[in-house]
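Asks: Sequence and predicted structure are below.
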Amino acid sequence: MHVLLRSLGRLVIALLWFSCCLVIARSQTPVPSPTPAASGFNFEDIYELAERDNLLVNAVRRRRAVAEAEVIIAGERPNPDFITAHTRSEPKLNYSVSQLVELGGKRGRRIDVARNELRLTELELDAALRALRHDVRAAYFGVLLARDNVDLGRDVLAQAKELADIAQARYDAGDIAQFEVFQVNLGVSRVTNELARLENLELVARSTLNQLLNRVPDAPLDLRDTLSLKIATVSTPDLIQQALTQNVELKSAEQQIATEQSRLRLARAQRVPDLTLEPGVEALDSAFTHPGFKMQVTVPVPIFNRQRGEIEKSSAMLDQLRAERDAARQRISAEIGRAALNLESARKQVEFYETKLLPDAERVRQMAVESYQAGQTGLLSVIDATRNARDVRQAYLQALFDYQSAVADLEQAAGVRF
């Protein structure tokens, strides 16, 4: 018998040890991350990382646990009170139990309020994710803008060095004065310094995006998309209609109304008085040989407080929330209209740069370089044409970024994804 008990004990210990190892192994299993393509992360990959790791969003997620606990608290029933008393008068010994009995459906009304507040918490998470998507899009394409500006700076530096070589060759041939060589070399130095500034701005832009991803500022980012990424043309009336049914701000406004309606029902239920029942036993009474039963009932009389203030406050709050909802509908429709106009304007700007300004500016620069190399024009014409081509390319990159910013603003105003 002792051997059998010892064997069973060892078996139980082995099972417990195996269960603990399994739990530890599961807890140490890393959460899978989005796998980048061979050419890097696109915007949706980066947003998925931010959605999972952003500290502010994770803090909002933890509000749900608090709201769920509030539901449990709302459903709790009052505990009974045990009362005992020993007096000099008879009966000398009293035992009783006091229990509050809620009437009017108060407990159910409290649970309704807590559940509606839980739904509000879920909508707060949706709103936080919508704001996060806007910020991630701006930061993502901000990195691309900074990266393209660095590439532009390197191209400009290469062009400046090419011009310096041409000037040196013409000076060696005796076509120009040494002053022009010094002037071109000064331009190379200025472009080199500007490139260093652009490279630092790229580091700043990368740190901004890494902050949203909860990563160290200098963590490497391999981004796949380009600034020229476009979305399909959207219909503003259809987008407004879609937003009125899906926009998280409007959903939150409707849920706030539902929550306040549940508070109003609770306030009305509070007008019903509760009962306090106190059954008990009386003992040590010379007039009776056995202990006796007693019952005490306490009912508050609602003379002075009929919950009138709470009911009027909740009714007024409902009117306020409905007015705010209607104002939000009008404001969101107007914001979508403005954001759509900004997006269309940004798209036209990009098209104008791509079809007209960029080709013309580059053609003028090449012609100026060729003319200077042939001795047909002066250095100032080349410098002016080169500066103009650089400014046009910088403005084009900014126009592309403005387009992406307009997409982000339209996404946030409409509450939908593109």
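Replies: Noted; the coordinates are in hand.
Asks: what's the longest helix along the chain packed up against?
Replies: When the chain is parsed with DSSP state H, its longest helix is helix 106-172. Contact analysis of helix 106-172 by 3 or more Cβ pairs under 8 Å, 6 or more residues apart in numbering; DSSP states H and E lists helix 43-53, helix 55-61, helix 63-74, helix 178-212, helix 248-269, helix 358-373, helix 379-414 as its packing neighbours. All C-beta atoms are positioned from the backbone trio N, CA, C, and that covers glycine.
Asks: how far out from the middle of the chain is the first one?
Replies: In terms of Cα atoms, centre = their mean, to the nearest Å, the centre of helix 43-53 is found 11 Å from the chain centre.
Asks: give the contact list for the residue nearest to Ala368 when sequence neighbours are not counted.
Replies: Spatial nearest neighbour of Ala368, excluding adjacent residues (Cβ to Cβ, 6 or more residues apart in numbering): Ala385 at 3.7 Å. By Cβ atoms under 8 Å, 6 or more residues apart in numbering, the residues touching Ala385 are 364-365, 367-369.
Asks: and which of these is nearest to Asp225?
Replies: Nearest to Asp225 among those is Arg365, at 28.4 Å by Cβ to Cβ.
Asks: Skipping its backbone neighbours, what lies nearest the closest one in space?
Replies: Closest residue to Arg365 apart from its sequence neighbours, by Cβ to Cβ, 6+ apart: Ala389 at 4.1 Å.
Asks: Then Arg325?
Replies: Distances taken as Cβ to Cβ, 6+ apart put Ala253 closest to Arg325, at 4.0 Å, once the chain neighbours are dropped.
Asks: now Arg265
Replies: Leaving aside its sequence neighbours, Arg265 sits nearest to Arg109 (Cβ to Cβ, 6+ apart; 5.2 Å).
Asks: that older thread, test my guess that the residue nearest to Arg365 contacts Ala361.
Replies: Yes - using Cβ atoms under 8 Å, Ala389 is in contact with Ala361, at 4.4 Å.
Asks: a markdown table for the helices and strands packed on helix 106-172, including mean pLDDT?
Replies: Supplementary listing: those in a markdown table, determined by pLDDT from 0 to 100:
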| stretch | mean pLDDT |
| --- | --- |
| helix 43-53 | 94 |
| helix 55-61 | 94 |
| helix 63-74 | 94 |
| helix 178-212 | 94 |
| helix 248-269 | 94 |
| helix 358-373 | 92 |
| helix 379-414 | 92 |
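Asks: so which of those gets nearest Ile83?
Replies: Smallest distance to Ile83 across the helices and strands packed on helix 106-172 (Cβ to Cβ): 25.7 Å, for helix 63-74.
Asks: and that closest one, C-alpha only, in CSV?
Replies: What follows is helix 63-74 as a C-alpha-only set of coordinates in CSV (Å, rounded to 0.1, in the frame of the first residue of the first chain):
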residue,chain,number,x,y,z
ARG,A,63,-8.5,50.3,-20.4
ARG,A,64,-10.6,47.4,-21.5
ALA,A,65,-9.6,45.3,-18.5
VAL,A,66,-10.6,48.2,-16.2
ALA,A,67,-13.9,48.5,-17.9
GLU,A,68,-14.5,44.8,-17.7
ALA,A,69,-13.8,45.0,-13.9
GLU,A,70,-16.4,47.8,-13.7
VAL,A,71,-19.0,45.4,-15.1
ILE,A,72,-18.1,42.9,-12.4
ILE,A,73,-18.4,45.6,-9.7
ALA,A,74,-21.7,46.7,-11.1
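Asks: centre of the chain versus the very next helix or strand once past it, how much separation?
Replies: Later in the chain than helix 63-74, the nearest helix or strand by DSSP states H and E is strand 81-86. Offset of strand 81-86 from its chain centre (Cα atoms, centre = their mean): 55 Å.
Asks: Direction included, what does strand 81-86 pair against?
Replies: According to DSSP bridges, strand 81-86 forms sheet pairs with strand 93-101 (antiparallel).
Asks: got the CA coordinates for the partner strand in PDB?
Replies: This file holds the C-alpha atoms of strand 93-101, laid out as PDB (Å, rounded to 0.1, in the frame of the first residue of the first chain):
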ATOM      1  CA  LEU A  93     -28.800  38.600  24.000                       C
ATOM      2  CA  ASN A  94     -29.800  39.500  20.400                       C
ATOM      3  CA  TYR A  95     -28.500  37.900  17.200                       C
ATOM      4  CA  SER A  96     -29.600  39.200  13.800                       C
ATOM      5  CA  VAL A  97     -28.600  39.400  10.100                       C
ATOM      6  CA  SER A  98     -29.200  42.500   8.100                       C
ATOM      7  CA  GLN A  99     -29.600  42.300   4.400                       C
ATOM      8  CA  LEU A 100     -30.200  45.100   1.900                       C
ATOM      9  CA  VAL A 101     -32.600  44.100  -0.900                       C
END
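Asks: Compute the inter-axis angle for the longest helix of the chain and helix 379-414.
Replies: When axes from the mean of the first three to the mean of the last three Cα atoms, to 10 degrees is applied, the directions of helix 106-172 and helix 379-414 differ by 170 degrees.
Asks: now the angle from helix 106-172 to helix 178-212?
Replies: Using the same axes, to 10 degrees: helix 106-172 against helix 178-212 is 160 degrees.
Asks: which residues touch the residue nearest to Arg265?
Replies: Residues near Arg109 by Cβ under 8 Å, 6+ apart: 262, 265-266, 269.
Asks: And the residues you listed, which is closest to Phe418?
Replies: Checking the contacts of Arg109 against Phe418 with Cβ to Cβ, the nearest one is Ser262 at 35.9 Å.
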